[in-house]
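> can you look at this prediction? I've put the sequence above it.
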There are 2 protein chains.
Amino acid sequence: MEGVIKSYGSANMIHKLKNKDSLFLCVIASTLTSRITGITGAGATPELTDYTPAADVELVMLGEPLCLSEIPKTVVDGVAAPTPAVITKASLDLADIPFLVVDAGAAVKPNIPYMNINETPGGDINKGNAVDNSEKIFNNGFILGKNLSKLTDHLVIGESTPAGTTTALGVLTAMGYEVDHKISGSTPENPHVLKHNVVENGLKLSGFKAGELDTEPFKAINAVGDPMIPAVAGIAMGSTVPVTLAGGTQMTAVCAVIKGIAPEFDFSSLSIATTVFVAEDETSDINFIANQISDISIFAVDPYFEKSNTIGLVNYTKGSVKEGVGAGGAMFAAMLKNVSIEDIRIRTEELCREIF
Amino acid sequence: MEGVIKSYGSANMIHKLKNKDSLFLCVIASTLTSRITGITGAGATPELTDYTPAADVELVMLGEPLCLSEIPKTVVDGVAAPTPAVITKASLDLADIPFLVVDAGAAVKPNIPYMNINETPGGDINKGNAVDNSEKIFNNGFILGKNLSKLTDHLVIGESTPAGTTTALGVLTAMGYEVDHKISGSTPENPHVLKHNVVENGLKLSGFKAGELDTEPFKAINAVGDPMIPAVAGIAMGSTVPVTLAGGTQMTAVCAVIKGIAPEFDFSSLSIATTVFVAEDETSDINFIANQISDISIFAVDPYFEKSNTIGLVNYTKGSVKEGVGAGGAMFAAMLKNVSIEDIRIRTEELCREIF
């Protein structure tokens, strides 16, 4: 397995989790930040990003999106790449890993059963004060994590939050981490300057300076964050079993919030699992961010999409999409159950043909 | 265990389930039927019945209701009996059984995480056409049951639906079962004539005759049922592990709907677990109803509340409350994990002292 999963940090969790049962959660949320032109590739137009989280989880659960006639995709320079939900679905199906959806405030609600922990989406962080109830969301997440962790050996938590790297940048900046040009994005040309300016505006309009909220994670989220971050932090902290945060640099914001809430938190039972498209992204640096927080194990799975006969998947190797809907963590969890990365890639290609 | 769990039907499930892991779900729903004066004891006033389902599940999850300043209780002739949620909480806590809430359409939503499968409550069945989407609710329940059953060996499904015995009477009547004076109720004086008249009005105003919908369960629910019934039927049919329906005569309506949807359904992996207060109720007959549907195993747990030093619990032995929030099935599931009925009674008494 070592050949396709690269690990950073102490990485001792992989042996503890081998062959154990996992439960995969996908936390969905929206903010109006995703309506800013050019900030995200998670939707064909800024308006359609409202539908992406619901369509993603419908696709994973049912094999097709119900709320949209088209599959969410990233289109850059006329080249399309499919939502990472297809990778997540392939991985979970092959390993028979149960899947539950958690709504932390999606603009459009999915037409499938989902766990409600918050209804209201966040605002546009460019205007500041984007979230008004992050502590309540965290508390609900904590209760949910405590209960769900009784049902499994391992919680894997993914997310679908359009413009979520910008809100993650906001929270990390507000809390004083060095993150400029280190946050990933869903397009090959990572719009660092746009993201930086949005966060700067939001912090100013919320009445805070960068770094001022190092011990106030809920204030940081309320100013320039999104509702996914406190939800995932709450679930992870409430869990009594090992947790894998399935995502890229957004999950470092979750870790920063956890450390802000509980400076003594033991990160040895928590890891981040992502794709190599994030881990080896030249426009960002997940390890640089994580190392500022704690010794966090990071696993990066390589599905060798350069070998794929599906052009949309090959585009992942050129910087499109990279990660999302917990794709990296879903592959990681499937491989813990002895599913091969070749089978995941082949099933992902089949799904692309079936769905598109 | 035989001394305190009475069984009816083939009852072979108890040996299959001993020491297996259970997941307890509580499905909550409302209809405006509960506003009819005298029809239910599940709330201090007809208006307060809107809060009962949310308060019940908040109590089980957190130990106190958040949405109401007072605990739901049944008051008859000045004598109060506490919500059966205290029995459910005592049982689940002692056996460390995980608990999840499913909203099938509660009028007031709980302030805790819950699974959304339908938002809208039902109308007053006295006016007919009380539910407009029972098939959609069923389909969502089916998806949920399929996914949740991957997480456990045994699904236990309780409910909190004020006036739910009246809507169950409606569905069973519409489907042609002989149920007059056979449906239980939450008060010592079971208002059979009132319930009968409400169902008769509702069927007439919906354009149907009693018995006409024997093969049309969704039409029966849409006319004179409640949103809990298709939700529980869907979860039970979607499950790939044994299911215990935790409730009284309301659960026979669920079984009738299951048989109506799938006449070939195998009832050997489904049972009903309730309290002796229902099974030995002289104003109703759960076995008489169940036998018309199939050979359904029914377990009835006796917590010997006549031995209790808590007057509200002694009132259960005089016909108050009897069942609800899956109390009988929660005791049953705890006993499968070797918790004694004495410990459940003692913990229930402690909870009554702590909460009231």
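Yep, that arrived.

> count of residues packed around A:Met175?
27 (other CB atoms under 10 Å in any protein chain shown). Yep, even glycine has a C-beta here, placed from its N, CA and C like the rest.

> so who does the closest residue to A:Tyr114 other than its chain neighbours touch?
Leaving aside its sequence neighbours, A:Tyr114 sits nearest to A:Val101 (CB to CB, 6 or more residues apart in numbering or on different chains; 4.0 Å). A:Val101 is in contact with A:Leu25, A:Cys26, A:Ile28, A:Val57, A:Met61, A:Pro110, A:Ile112, A:Pro113, A:Tyr114, A:Met115, counting by CB atoms under 8 Å, 6 or more residues apart in numbering or on different chains.

> show me where chain A has helices.
For chain A, applying DSSP state H gives helices covering A:13-17, A:52-62, A:85-95, A:134-148, A:164-174, A:192-206, A:217-224, A:228-238, A:250-261, A:276-279, A:286-293, A:311-314, A:327-336, A:341-355.

> what does the fourth one rub up against?
Spelled out, it's helix A:134-148. A:23, A:25, A:100, A:102, A:104-105, A:115, A:117-118, A:131, A:155, A:217-218, A:221-222, A:225, A:227, A:229-240, A:261, B:61-62, B:98-100, B:112-113.

> and if you look at the first one?
Outside helix A:13-17, the residues that touch it by CB under 8 Å, 6+ apart are A:1, A:5, A:7, A:153-154, A:242, A:244, A:268-269, A:271, A:297, A:299, A:336.

> before we move on, what about the third one?
Helix A:85-95 is contacted by residues A:22, A:24, A:26, A:55-57, A:59-60, A:63, A:72, A:97, A:99, A:158, A:160, A:303, A:324-327, A:330-331, A:333-334, A:337, A:339, A:343-344, A:347-348, A:350-352, A:355 when judged by CB under 8 Å, 6+ apart.

> near chain B, which residues of the stretch 51-200 of chain A are found?
For the stretch 51-200 of chain A, the residues in contact with chain B (CB under 8 Å from any CB of the partner chain) are A:61-62, A:96, A:98-100, A:102-103, A:109, A:112-117, A:140-141, A:143-144, A:147-148, A:150-152.

> go with 6 Å
A:98, A:112-117, A:140, A:143-144, A:147, A:150-151 (CB under 6 Å from any CB of the partner chain).

> and the furthest pair within those?
Pairwise distances across these peak at 23.1 Å for A:Ile112 and A:Lys150 (criterion: CB to CB).

> so for these two, which residue has more residues nearby?
A:Ile112 (21 against 18).

> spatially, which residue comes closest to the more buried one, not counting chain neighbours?
Counting by CB to CB, 6+ apart, the residue nearest A:Ile112 is A:Met61, at 5.0 Å.

> looking at the one you found now. What's its pLDDT?
In this model, A:Met61 is scored at 96, pLDDT.

> and the helix or strand of chain A with the lowest mean pLDDT, how far out from the chain middle?
Using mean pLDDT, DSSP states H and E, strand A:73-76 stands out as the lowest-scoring helix or strand of chain A, at a mean of 70. The gap between where strand A:73-76 is centred and where its chain is centred comes out at 18 Å by CA atoms, centre = their mean, to the nearest Å.

> ok, stretch A:226-242 next?
12 Å.

> that one near chain B at all?
No: using CB under 6 Å from any CB, we find that stretch A:226-242 stays clear of chain B, coming within 9.4 Å at best.

> what is the mean pLDDT for that stretch?
The average pLDDT within stretch A:226-242 is 98.

> then that stretch to CSV, C-alphas only?
Output in CSV follows, covering the C-alpha atoms of stretch A:226-242 (Å, rounded to 0.1, in the frame of the first residue of the first chain):
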residue,chain,number,x,y,z
ASP,A,226,-18.0,28.7,6.9
PRO,A,227,-20.4,26.4,8.8
MET,A,228,-18.6,23.2,7.7
ILE,A,229,-15.5,24.0,9.8
PRO,A,230,-17.2,24.0,13.3
ALA,A,231,-19.4,21.1,12.3
VAL,A,232,-16.4,18.9,11.4
ALA,A,233,-14.4,20.1,14.4
GLY,A,234,-17.3,19.2,16.7
ILE,A,235,-17.8,15.8,15.2
ALA,A,236,-14.1,15.0,15.4
MET,A,237,-13.8,16.2,19.0
GLY,A,238,-17.0,14.3,20.0
SER,A,239,-15.8,11.1,18.5
THR,A,240,-14.5,8.4,20.8
VAL,A,241,-12.8,6.5,17.9
PRO,A,242,-10.0,7.5,15.5
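
> what about the residue in the stretch 251-356 of chain A that chain B sits nearest to, how many neighbours?
Using CB to the nearest CB, the single residue of the stretch 251-356 of chain A nearest to chain B is A:Lys337, 12.7 Å away. Close neighbours of A:Lys337, defined as other CB under 10 Å, add up to 17.

> what sits against it?
A:Lys337 is in contact with A:Ala95, counting by CB atoms under 6 Å, 6 or more residues apart in numbering or on different chains.

> same question, the one 10 residues further on
By CB under 6 Å, 6+ apart, the residues touching A:Arg347 are A:Ala90, A:Leu94.

> give me the pLDDT for it.
Per-residue pLDDT puts A:Arg347 at 98.

> look up how far chain B lies from A:Ala106.
11 Å (CB to the nearest CB, to the nearest Å).

> let me know whether that residue touches A:Ser30 as I believe.
Yes: contact criterion CB atoms under 6 Å: A:Ala106 and A:Ser30 qualify, at 5.3 Å.

> count of neighbours near the residue nearest to A:Ile112?
25.

> now the residues of the stretch 51-200 of chain A next to chain B as TSV including pLDDT?
Output for these, formatted as TSV (pLDDT from 0 to 100):
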residue	pLDDT
A:Pro98	97
A:Ile112	97
A:Pro113	98
A:Tyr114	98
A:Met115	98
A:Asn116	98
A:Ile117	97
A:Asn140	97
A:Ile143	97
A:Leu144	97
A:Asn147	96
A:Lys150	96
A:Leu151	97
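
> quick check, nearest of these to B:Gly164?
Nearest to B:Gly164 among these is A:Pro113, at 21.0 Å by CB to CB.

> with adjacent residues omitted, what lies nearest to the closest one?
B:Leu144 (4.1 Å).

> what number of residues lie near A:Glu47?
Look at A:Glu47: counted by other CB under 10 Å, it has 10 neighbours.

> how close does it sit to chain B?
Taken as CB to the nearest CB, the span from A:Glu47 to chain B is 24 Å.

> how about that residue: what's its closest non-neighbour residue?
That would be A:Arg35: by CB to CB, 6+ apart, it lies 7.0 Å from A:Glu47.

> next, count neighbours for that neighbour.
Neighbours of A:Arg35 (other CB under 10 Å): 20.

> same question for A:Phe332.
28.

> where does the stretch 1-150 of chain A dip in pLDDT?
A:1-3, A:10-12, A:76-79 (pLDDT under 70).

> identify the bridge partners of the residue nearest to A:Tyr114.
A:Cys26 (DSSP bridges).

> with A:Ser160 instead?
A:Ile28.

> what pLDDT does it get?
97.

> enumerate every residue touching it.
Residues in contact with A:Ser160 (CB under 6 Å, 6+ apart) are A:Ile28, A:Pro53, A:Asp56, A:Val325.

> repeat for A:Ser308
A:Val314.

> repeat that for 7 Å
By CB atoms under 7 Å, 6 or more residues apart in numbering or on different chains, the contact set of A:Ser308 is A:Val314, A:Arg345, A:Glu349.

> next, format the residues of the stretch 51-200 of chain A next to chain B as TSV and append distance to A:Glu200.
Shown next, in TSV, are these (distance: CB to CB, whole Å):
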residue	distance to A:Glu200
A:Pro98	42
A:Ile112	38
A:Pro113	40
A:Tyr114	34
A:Met115	35
A:Asn116	33
A:Ile117	30
A:Asn140	31
A:Ile143	35
A:Leu144	34
A:Asn147	39
A:Lys150	43
A:Leu151	43
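
> many thanks, we can stop here.
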